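J.: turn this into a model:
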Amino acid sequence: MLNYIWAAMIFIGIIYGVITGSMKEITEAALNSAGEAVSLCISMAGIMAFWVGLMEIAEKSGLIKRLTGFLSPFISFMFPGIPKEHKSRDYISTNIIANILGLGWACTPAGLMAMEELANLEKERGNTNRQIASNEMCTFLILNISSLQLIPVNMIAYRQQYGSINPAGVIAPAIVATCISTIVAVIYCKIMDKKRG
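T.: Residues are numbered from 1 along each chain as shown. Alright, predicted model coming up:
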């Protein structure tokens, strides 16, 4: 569906450019934007390599394991149906930690693994319908989207790339906004759990 929306927007933009006689500007904007996109990707690749490397060091040093233990009561509160020793708990914790550190791209592999393990948990429970997401999957997705962030690395990188005087000036508003979104997500998930129960 999203592909159709983007295609329609591009088509409408080209038609509008032909009607108004501004095809030259549209062509220049497309070429300039393509160059900026490549430049941004190169900048972001370096930043993400640095942070993903730090996450790898944190994992090998045992820091992630300790933080996972610290998050265990929260995981038990949010996911009471997941057994204590289930693999999905580790992946969910890693995903949450990466999100807190603002590593949106770095948390994706852990998020995918968590969803896979949650699907396996449903199979173990005898639910073989892969078309329906479990309560745990929905809760995890909502928490992942609300994404509490202490260091919004991606946003800081974008602001720096585009010449912001104070790229880190977004940290305080990001903390407030993501705290509110996470609190709302937690409340919503618990209300929905009670309705299902």
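J.: so what's Gly17 up against?
T.: Counting by Cβ atoms under 8 Å, 6 or more residues apart in numbering, Gly17 touches 23, 25-26. From N, CA and C alone the C-beta is placed, and that goes for glycine too.
J.: quick check: buried residues in the helix or strand containing it?
T.: Secondary structure from DSSP states H and E places Gly17 in helix 2-20. Neighbour counts over helix 2-20 (16 or more other Cβ atoms under 10 Å) mark Gly17 as buried.
J.: just give me how far it sits from the chain centre.
T.: A distance of 29 Å separates the C-alpha centroid of helix 2-20 from that of its chain, computed with Cα atoms, centre = their mean, to the nearest Å.
J.: immediately after it, which helix or strand?
T.: helix 23-61.
J.: tilt between that following helix and helix 2-20?
T.: Helix 23-61 runs at 150 degrees relative to helix 2-20, counting by axes from the mean of the first three to the mean of the last three Cα atoms, to 10 degrees.
J.: contact partners of the helix or strand following helix 23-61?
T.: Downstream of helix 23-61, the next assigned helix or strand under DSSP H and E is helix 63-78. Outside helix 63-78, the residues that touch it by Cβ under 8 Å, 6+ apart are 55, 58-59, 82, 84, 89-90, 92-94, 96-97, 139, 143, 186, 189.
J.: need the buried ones from these selected in ChimeraX.
T.: Selection of buried members from these for ChimeraX, criterion 16+ other Cβ under 10 Å:
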select :55,58,82,89,90,92,93,94,96,97,139,143,186,189
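J.: among the contacts of helix 63-78, which are located in helices?
T.: Applying DSSP state H to the contacts of helix 63-78, the entries found in helices are 55, 58-59, 89-90, 92-94, 96-97, 139, 143, 186, 189.
J.: of the residues you listed, just say which sits nearest to Ile12.
T.: Leu143 (36.6 Å; Cβ to Cβ).
J.: from Ser181, how far out is the residue of the chain most remote from its centre?
T.: Relative to the C-alpha centroid of the chain, counting by Cα atoms, centre = their mean, Gly21 is the outermost residue, at 40.5 Å. Taking Cβ to Cβ, to the nearest Å as the measure, Gly21 falls 44 Å from Ser181.
J.: how about Gly53?
T.: Distance of Gly53 to Ser181, given as Cβ to Cβ: 28 Å.
J.: quick one, which of the two is more surrounded?
T.: Shown here are Gly53 and Ser181; by other Cβ atoms under 10 Å, Ser181 has more neighbours (17 against 11).
J.: just give the number of residues close to the nearest residue to Met44 once chain neighbours are set aside.
T.: In space, and not counting its chain neighbours, Met44 is closest to Ala157: 5.7 Å by Cβ to Cβ, 6 or more residues apart in numbering. Around Ala157 there are 19 other residues, counting by other Cβ under 10 Å.
J.: avg pLDDT for the strand or helix carrying Ala157?
T.: Assessed by DSSP H and E, Ala157 sits inside helix 153-161. Helix 153-161 shows a mean pLDDT of 78.
J.: that one to helix 23-61, inter-axis angle?
T.: Taking the same axes, to 10 degrees, one finds helix 153-161 and helix 23-61 inclined to each other by 130 degrees.
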